[in-house]
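Peer 1: Pasting a predicted model and its sequence here:
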Amino acid sequence: MTIMDQPRIGLLPLYLRLYDEAVPTLCGELAPFLADVVGAFEGRAVEVLTAPICREAEQVAEAVSYFEEEAVDCIVTLHLTYSPSLEAVDALSATSLPILMLDTTPDVAFGPDVDPMRLLYNHGIHGLQDLASMLRRRGKDYVVVAGHLSDDVTLDRACAVLRGAHGAFMLGTTRVLRVGPTFPGMGDFYVPEEVLSAKLGILVDEIAPDELLSAVEAVDEEAIVAEMKEEDERFDVDAPDEVRRASSRIGLGLRHYLETNHYDAFSMNFLAFDQAEGPLNRVPFLECGHAMARGLGYAGEGDVLTAALVGALSKAIGPTTFTEMFCPDWAGDTVFLSHMGEFNPAVAAGKARLYEKEFPFTPAQNPAALACAPQPGDAVLVNIAPGPKDSFGLIVAPVTVMGDGTHPDYKDWIRGWIKPAVPLPAFLEAYSQHGGTHHNALVYGDCMDALAAFAKFAGLDYVVIGEEK
């Protein structure tokens with residue numbers, strides 16, 4: 001299973017200078033609360049950089065500068081007491097870093113029987129309200145998560161936002177390799193490279209398969225044997241050794257090229273692999289699955305936009321695979337998912353089948369590929385859709401992944417059925433009304449809060465099918 005990255009936050013504790021003179025013991029008494037917040041995040045695999053407690057604008061500016069230098073995924077504000085917004089709003093509205101405002105207090109109860117002097121320890125929320133109002137007026141995006149630390153939901157939601165912030169960072173720093181040109185005539189996912197760079201921060205390189213030759217020729221026999229041995233343990237193998245060895249050689253060469261050049265994602269056009277002889281005579285479908293299982297982004301047909309999305313979601317939000325909607329099952333109210341030979345085996349239902357795939361499209365020889373069904377259960381179908389005037393939207397749809405196919409010929413297919421949360425005709429109508437492309441990511445786990453934060457911090461319009469207004 002893919003190991004996700006650890007989010008990294010800058011915790012910004014805010015305090016009122018007046019209290020240093022009026023209640024000199026108060027700051028020290030709030031230290032355990034600050035430590036509890038740090039511990040709560042660290043207990044959920046979040047790396048925390050904590051700034052000194054900030055009272056004035058210069059201190060906040062220094063803290064924000066420190067967080068920028070450390071390239072944290074998100075600044076988390078924590079009002080230990082009331083803190084006037086003008087001490088923080090300039091620095092926070094000017095930074096490009098995402099902001100999560102944690103609206104919490106030391107005490108879980110403040111009812112009629114509580115000592116009113118506890119107000120001093122629990123009134124940070126109106127400082128948050130002051131600052132949130134000012135950030136909104138300045139046009140700075142932020143997310144507020146409110147609740148007590150004793151309620152797991154509070155930290156669950158906060159950490160989901162942090163995963164979304166990390167995903168936005170990943171998307172905006174993605175380097176993508178395209179092997180071969182985009183598939184002729186496919187327009188929905190194509191965006192000029194200068195627009196991808198300017199609007200999303202995605203950098204694209206394109207090579208022909210021939211440029212992989214030296215990396216492929218450098219693959220030694222020992223590496224091929226080790227790769228095949230690992231596949232014997234992971235998969236249900238039913239492919240000739242000759243086919244596997246040739247596929248492993250080109251796959252390992254591609255892997256070396258990706259790693260050496262520090263790519264986060266890649267796409268390929270299978271039509272570009274057209275050599276009948278030599279070490280480049282197979283389409284490296286198998287490595288596409290291996291790469292996604294390692295957390296790299298992938299999408300087919302030269303679609304570097306969706307490849308970048310798959311990589312960002314996989315590293316930050318949850319186990320993810322590239323997929324496509326192929327056929328509606330009107331009778332069953334489901335959609336059939338498939339693709340030629342690319343799927344993340346880490347989200348397969350049981351062992352994927354490794355077999356020799358018939359390949360009649362170019363003179364290239366038959367490759368080794370995986371066939372499997374996705375794990376059944378709850379998931380989210382996600383699409384990044386280019387829009388008017390170089391805008392981008394994130395379309396998300398909670399779905400149920402159904403069971404495997406029963407027809408015997410499905411053994412050689414990547415196959416899956418998803419049931420949307422709304423009736424199939426309404427789902428398909430809404431999906432295309434919002435401009436969804438024919439390439440998707442399928443993400444597992446409870447990730448709706450994370451996806452909403454991802455869209456906000458990445459500057460994407462956000463729509464949940466079934467919740468449109």
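Peer 2: Cool, the structure landed. Numbering: from 1, shown residues only.

Peer 1: pLDDT weak spots in the chain?
Peer 2: Counting by pLDDT under 70, the chain shows low-confidence ranges at 1-3, 469.

Peer 1: So which residue is smack in the middle of it?
Peer 2: The residue lying closest to the centre of the chain (Cα atoms, centre = their mean) is L313, at 1.5 Å.

Peer 1: Where does it fall, secondary structure wise?
Peer 2: L313 belongs to helix 304-316 when elements are defined using DSSP states H and E.

Peer 1: Just list what whichever helix or strand comes after that helix packs against, helices and strands only.
Peer 2: Remark: after helix 304-316, the chain's next helix or strand is strand 320-329, criterion DSSP H and E. Applying 3 or more Cβ pairs under 8 Å, 6 or more residues apart in numbering; DSSP states H and E, one finds that strand 320-329 makes contact with helix 285-293, strand 297-300, helix 304-316, strand 334-338, helix 424-433, strand 440-444. Quick note: C-beta positions are derived from backbone N, CA and C, even for glycine.

Peer 1: So for L381, which of the ones you listed sits nearest?
Peer 2: Of all those, strand 440-444 sits nearest to L381, with 5.5 Å by Cβ to Cβ.

Peer 1: ok, residues contacting the closest one?
Peer 2: 306, 309-310, 313, 317-325, 337, 347, 374-375, 377-383, 401, 416, 418, 451 (Cβ atoms under 8 Å, 6 or more residues apart in numbering).

Peer 1: Out of those residues, which end up buried?
Peer 2: The neighbour-count test (16 or more other Cβ atoms under 10 Å) marks 306, 309-310, 313, 317-325, 337, 347, 374-375, 379-383, 401, 416, 418, 451 as buried among these.

Peer 1: where does L49 land in three-state SS?
Peer 2: strand (DSSP: H, G, I helix; E, B strand; the rest coil).

Peer 1: Tell me the bridge partners for it.
Peer 2: G10 (DSSP bridges).

Peer 1: does it really touch L11, like I thought?
Peer 2: Yes: if you go by Cβ atoms under 8 Å, L49 and L11 touch, sitting 6.9 Å apart.

Peer 1: So between those two, which is more surrounded?
Peer 2: L11 (23 against 16; other Cβ atoms under 10 Å).

Peer 1: Is that one in contact with A51, as I believe?
Peer 2: Yes: L11 lies in contact with A51 (Cβ under 8 Å); the separation is 6.7 Å.

Peer 1: shared neighbours of these two, anything?
Peer 2: Contacts common to L11 and A51, judged by Cβ under 8 Å, 6+ apart, are absent.

Peer 1: still on that earlier bit, nearest to G39, out of the helices and strands packed on strand 320-329?
Peer 2: helix 304-316 (22.6 Å).

Peer 1: how much does the closest one deviate in direction from helix 285-293?
Peer 2: 50 degrees (axes from the mean of the first three to the mean of the last three Cα atoms, to 10 degrees).

Peer 1: And helix 304-316, how far out from the chain middle?
Peer 2: Relative to its parent chain, helix 304-316 has a centroid offset of 6 Å by Cα atoms, centre = their mean, to the nearest Å.

Peer 1: try stretch 71-90
Peer 2: 26 Å.

Peer 1: now swap in stretch 337-345 and tell me
Peer 2: Remark: stretch 337-345 is offset 19 Å from the chain centroid, using Cα atoms, centre = their mean.

Peer 1: can you pull the buried residues of that stretch?
Peer 2: L337, S338, H339, M340, G341, E342, F343, N344, P345.

Peer 1: Tabulate these (JSON lines), appending distance to L149.
Peer 2: What follows is the buried residues of stretch 337-345, written out as JSON lines (distance: Cβ to Cβ, whole Å):
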{"residue": "L337", "distance to L149": "40"}
{"residue": "S338", "distance to L149": "45"}
{"residue": "H339", "distance to L149": "43"}
{"residue": "M340", "distance to L149": "48"}
{"residue": "G341", "distance to L149": "47"}
{"residue": "E342", "distance to L149": "42"}
{"residue": "F343", "distance to L149": "40"}
{"residue": "N344", "distance to L149": "35"}
{"residue": "P345", "distance to L149": "38"}
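
Peer 1: What sits closest to the residue nearest to the centre of the chain if chain neighbours are left out?
Peer 2: Spatially, and ignoring its direct neighbours in sequence, L313 is nearest to T320 (4.5 Å; Cβ to Cβ, 6 or more residues apart in numbering).

Peer 1: Now for that neighbour: which residues touch it?
Peer 2: Counting by Cβ under 8 Å, 6+ apart, T320 has contacts T2, M292, V310, L313, S314, N344, V347, A441, L442, V443, Y444.

Peer 1: ok, 10 Å please
Peer 2: 2, 4, 292, 295, 297-298, 309-314, 344, 346-347, 379-380, 382, 441-445, 447 (Cβ atoms under 10 Å, 6 or more residues apart in numbering).

Peer 1: and what of G167?
Peer 2: G167 is in contact with 4-5, 7, 73, 309, 311-318, 447, 450-451, 453-455, 457-458, counting by Cβ under 10 Å, 6+ apart.

Peer 1: Let's see that with 6 Å instead.
Peer 2: A312, A316, I317, F454 (Cβ atoms under 6 Å, 6 or more residues apart in numbering).

Peer 1: In which helix or strand does the last one reside?
Peer 2: Using DSSP H and E, F454 sits in helix 448-458.

Peer 1: In PDB, list the C-alpha atoms belonging to that helix.
Peer 2: Output of helix 448-458 as PDB, limited to C-alpha atoms (Å, rounded to 0.1, in the frame of the first residue of the first chain):
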ATOM      1  CA  MET A 448     -14.300  14.600   1.400                       C
ATOM      2  CA  ASP A 449     -13.000  17.300   3.800                       C
ATOM      3  CA  ALA A 450      -9.500  16.800   2.500                       C
ATOM      4  CA  LEU A 451     -10.600  17.200  -1.100                       C
ATOM      5  CA  ALA A 452     -12.500  20.400  -0.300                       C
ATOM      6  CA  ALA A 453      -9.400  21.900   1.300                       C
ATOM      7  CA  PHE A 454      -7.300  20.600  -1.600                       C
ATOM      8  CA  ALA A 455      -9.500  22.400  -4.100                       C
ATOM      9  CA  LYS A 456      -9.600  25.600  -2.000                       C
ATOM     10  CA  PHE A 457      -5.800  25.800  -1.500                       C
ATOM     11  CA  ALA A 458      -5.000  24.800  -5.100                       C
END
